[in-house]
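# give me the fold of what follows.
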Amino acid sequence: MDKSKLRTIFEYEFRRGTNAAQTARNINNVFGEDATNERTVERWYARFRSGDFSLEDHPHGRPKLKVNNDELRKLVESDPSQTSAVLSQHFNVSPVTIDLHLRQIGKVKKLEKTIVADYYSLELEEMMKKLTVKQPKLVNRDKPLLLHDNAKAHSAKKTYAKLRELGLETLPHPPYSPDLAPTDYHFFLNFDNFLRGGKFNSEEAVKSAFENFAGSLSLEFFRKGLSCLPEKWQKCVDSNGEYFD
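Numbering: from 1, shown residues only. Prediction:
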């Protein structure tokens, strides 16, 4: 089958949210068992996730890397407090891709790092800057609402001062209710379903599975998860943090 047609199908399935394995199966069921394979689809999915939707071969047939490790190293060393999310915006790639490149250059951050009030205050400022551009209606309303748990960094005096400075109103959060986060009740719940029945023989296989899942998600997926939050929050508050169906 013509490569250009195959790659068009790769992009179509990627935008639909179909994972690499299912895409390979779909194509082979229609065009024959040797039409493509999962590894080839995964390679093109990685290219799409990096923001490169060109269907032409780069030199030597390999997708061009958007993250230059030397540039990444300089950025990290100039400001070690930068998060993967912030770095990912600089290179226009996913945070997962940044984490992989950080590992390559030996700049893996400790997972046990404590988020203190100073750092959290900076994160709040960064969040409001982004919302000003992406969701101005939220920022311009009278006292935008913020829901966060009762972690020490969130309840520190400096954090309260920053919240007042930014004009944010915080909603009550029942103690020990981490499952109010959309990442828990929506993102990771769906990720668990995505992994169900799969077998992973290496760390790289797990990373690849996560990238396939994260890269396949549409904006509607996140809208759906966030739209459930008000009702879940109200139920949690009404039940004082007790479990409910």
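# domains for the chain, by residue range?
Domain assignment for the chain by automatic domain parsing gives 3-61, 69-104, 117-170, 178-238.
# run the chain-centre distance for the first one.
Right, the one you point to is domain 3-61. 21 Å (Cα atoms, centre = their mean, to the nearest Å).
# ok, now the second one?
Chain-centre distance of domain 69-104: 14 Å, with Cα atoms, centre = their mean.
# with stretch 67-87 instead?
18 Å.
# and the end-to-end length of it?
Stretch 67-87 stretches 10 Å from its first residue to its last (Cα to Cα, to the nearest Å).
# contact partners of that stretch?
50, 90-91, 93, 95, 97-99, 101-102, 104-105, 107, 119, 122-123, 126 (Cβ atoms under 8 Å, 6 or more residues apart in numbering). The C-beta positions use only the backbone N, C-alpha and C, and glycine is treated the same way.
# try stretch 127-135
By Cβ under 8 Å, 6+ apart, the list of residues contacting stretch 127-135 reads 138-139, 144, 166, 168.
# please repeat the previous calculation with a cut-off of 10 Å.
85, 89, 137-140, 144, 146, 162, 165-168 (Cβ atoms under 10 Å, 6 or more residues apart in numbering).
# mind checking which of those are in helices?
Among the contacts of stretch 127-135, the members falling in helices (DSSP state H) are 85, 89, 137-140, 162, 165-166.
# quick revisit: can I get the contacts of stretch 127-135 in JSON lines with distance to residue 33?
Shown next, in JSON lines, are the contacts of stretch 127-135 (distance: Cβ to Cβ, whole Å):
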{"residue": "85", "distance to residue 33": "41"}
{"residue": "89", "distance to residue 33": "41"}
{"residue": "137", "distance to residue 33": "51"}
{"residue": "138", "distance to residue 33": "50"}
{"residue": "139", "distance to residue 33": "53"}
{"residue": "140", "distance to residue 33": "56"}
{"residue": "144", "distance to residue 33": "54"}
{"residue": "146", "distance to residue 33": "53"}
{"residue": "162", "distance to residue 33": "59"}
{"residue": "165", "distance to residue 33": "62"}
{"residue": "166", "distance to residue 33": "58"}
{"residue": "167", "distance to residue 33": "60"}
{"residue": "168", "distance to residue 33": "56"}
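# out of the residues you listed, who's nearest residue 182?
residue 146 (14.0 Å; Cβ to Cβ).
# any of the contacts of stretch 67-87 buried? List them.
50, 91, 93, 97-99, 101-102, 107, 123 (16 or more other Cβ atoms under 10 Å).
# how about the strands in this protein?
145-146, 169-170 (DSSP state E).
# so which of those strands is nearest residue 32?
strand 145-146 (54.1 Å).
# how far off centre is the closest one?
21 Å.
# what packs against it?
Judged by 3 or more Cβ pairs under 10 Å, 6 or more residues apart in numbering; DSSP states H and E, strand 145-146 is in contact with helix 117-134, strand 169-170.
# paired strands for that strand, with orientation please.
strand 169-170 (parallel) (DSSP bridges).
# hmm, who's touching the strand it pairs with?
Residues contacting strand 169-170 (Cβ under 10 Å, 6+ apart): 141-148, 154-155, 159-160, 163.
# next, format these as a markdown table and append neighbour count.
Output for these, formatted as a markdown table (neighbours: other Cβ atoms under 10 Å):
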| residue | neighbour count |
| --- | --- |
| 141 | 11 |
| 142 | 6 |
| 143 | 10 |
| 144 | 16 |
| 145 | 11 |
| 146 | 15 |
| 147 | 13 |
| 148 | 18 |
| 154 | 18 |
| 155 | 13 |
| 159 | 21 |
| 160 | 14 |
| 163 | 17 |
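# right, I'll call it a day here.
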